[in-house]
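Participant: Compute the structure for the input listed below.
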Amino acid sequence: MERRVVITGLGAITPIGNSTQEFWQSIKDGKCGIDNITAFDTSTFKVKLAAELKDYDPEKYFDRREAKRLDKYSQYAIIAAREAWKDSKLDKETENMERVGVIIGSGIGGISTIEEENQKCVIKGPDRVSPMYIPMAILNMATGNVAIDIGAKGESISMVTACASGTHCIGESYRMIKHGYQDIVLAGGTEASITPLSIAGFMNIKALSKSEDKTRASIPFDKERNGFVMGEGAGVLILEELEHAKKRNAKIYAEVVGYGATSDAYHITSPAPDGEGGARAMSLAIKEANANPEDITYINAHGTGTHLNDSCETMAIKKVLGDFANKVMVSSTKGNTGHLLGAAGGIEAIVCAKSIEEGYVPATINYKVPDEECDLDIVPNKGRTVDVQYAMSNSLGFGGHNSSILLKKYRR
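Facilitator: Numbers count the residues shown, from 1 in each chain. Okay, here's the model as predicted:
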């Protein structure tokens, strides 16, 4: 028998807030977390802006020795997971921790550690490379470290699908609970990729905005959009089987009712023409939920601010929703946070859950110049108070990976 899955805990550390409450309030306030890069000297870089965490001190969360043994991407995942666990009011002393899983993804993993240790190897020789290099850098260690920190002994998996990673992790966690393999899963994404090599790499494939105007760099759906802005942080949600949540009288933010995942099988960086792959992912999520296009209140778009993504995603939404496409509110919160790559789906699922909980649809901020290719209701510049019954989150990744999840207001 298929089981219902609900969201009972939220945890976030983002460029506009180091907790879920601060993050969501900043979303509602239309705050932009983009500023000049401080992590390294950008004097030789064409890209000057990113969305860094603010006032982040690892020693607020870890002792000094522990912090030195964790790459930032693992630190962020642990911080978000701890908050989500606390928010859910789960108790590891009374839970069967063998039925608690972890699926946290990342696009790049411990890239800052890789860069630092490579320099040591090249300049000082192989004997100077840290013995902690591998356990800090590899992509599964955010999941592994969270499982250790929380004491989760169920399935522990890391998914890597570039910018679709976080949403894939949530979707696969939903299936894992729905079909009875786990009762609880900590799911989401984490990223710490504001580094010289990451910025240079994305810059040289012309994916990043070169604007030096903080309010006109990340401008999804705007005709003057010219690339995305790198962000960092993590978003982790507690997904829980409904009856398990009800037995402990847990707070339920929303129900997860649909998930779609597809491949474009087209190109390593460009989406399929007309957004065909993304459209299929959305359609699959709606079908699994037994919903109709007219049921969808809000879509948190992938909306990166690149020309191809925004136009193709617009076409995908029109293909799926048909006559109802112009009646659905579609906003991108990447103007607030930048693009968190593998963590984007984690924080954007939190936006959808809070949107349902509070009846509020966030704006696409810093929007000025309409684009006839992106002629949906993108909720320009000012959010709206509205009853949100269904909210969808889309994520699209290099390699042609597409993922969509559909959340619904919980009804007994």
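
Participant: all helices for the stretch 201-350 of the chain, in order.
Facilitator: In the stretch 201-350 of the chain, the segments counted as helices under DSSP state H, counting those that start in this stretch are 242-247, 276-288, 307-321, 334-337, 344-358.

Participant: what's residue 215 in contact with, if anything?
Facilitator: The contact partners of residue 215, by C-beta atoms under 8 Å, 6 or more residues apart in numbering, come to 32, 366. For every residue, glycine as well, the C-beta is placed using N, CA and C.

Participant: Now do it against residue 403, distance only.
Facilitator: Using C-beta to C-beta, to the nearest Å, we find residue 215 at a distance of 30 Å from residue 403.

Participant: any idea how far residue 380 is from the residue nearest to residue 138 when sequence neighbours are not counted?
Facilitator: Excluding its sequence neighbours, the residue lying closest to residue 138 (C-beta to C-beta, 6 or more residues apart in numbering) is residue 109, at 6.5 Å. Per C-beta to C-beta, residue 109 is found 35 Å from residue 380.

Participant: Also residue 43?
Facilitator: Residue 43 sits 35 Å away from residue 380, going by C-beta to C-beta.

Participant: Among those two, which residue is more densely surrounded?
Facilitator: Under the neighbour definition other C-beta atoms under 10 Å, residue 43 and residue 380 were set side by side, and residue 380 has more, 15 against 6.

Participant: how many other residues sit next to the closest residue to that one other than its chain neighbours?
Facilitator: Using C-beta to C-beta, 6+ apart and skipping the chain neighbours, the partner closest in space to residue 380 is residue 367 (4.3 Å). When neighbours are counted by other C-beta under 10 Å, residue 367 registers 22.

Participant: Same check on residue 91?
Facilitator: Neighbour count for residue 91, taken as other C-beta under 10 Å: 9.

Participant: Checking it next. Helix, strand or coil?
Facilitator: Look at residue 91: counting by DSSP: H, G, I helix; E, B strand; the rest coil, its state is coil.

Participant: So which residues of the stretch 51-200 of the chain form strands?
Facilitator: Counting by DSSP state E, counting those that start in this stretch, the stretch 51-200 of the chain has strands at residues 100-105, 156-157, 184-191.

Participant: List the strands paired with the last one, with their directions.
Facilitator: Which is strand 184-191. When sheet partners are counted by DSSP bridges, strand 184-191 sits next to strand 100-105 (parallel), strand 233-241 (antiparallel).

Participant: which stretches of this structure have low pLDDT?
Facilitator: Residues of the chain meeting the criterion pLDDT under 70: none.

Participant: Following the record's annotation, map out the domains of the protein.
Facilitator: In the domain annotation for the chain, the residue ranges read 5-247, 259-404 (automatic domain parsing).

Participant: got those as CSV, with distance to residue 410 columns?
Facilitator: Output for the domains of the chain, formatted as CSV (distance: least, C-beta to C-beta, whole Å):
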stretch, distance to residue 410
domain 5-247, 6
domain 259-404, 8
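
Participant: Just want the angle from the host helix or strand of residue 22 to strand 233-241.
Facilitator: Using DSSP states H and E, residue 22 sits in helix 20-28. Between helix 20-28 and strand 233-241, the angle comes out at 110 degrees (axes from the mean of the first three to the mean of the last three C-alpha atoms, to 10 degrees).

Participant: name the helices or strands packed onto the helix or strand following helix 20-28?
Facilitator: Counting by DSSP H and E, the next helix or strand C-terminal to helix 20-28 is strand 35-36. Here strand 35-36 touches strand 49-50, going by 3 or more C-beta pairs under 8 Å, 6 or more residues apart in numbering; DSSP states H and E.
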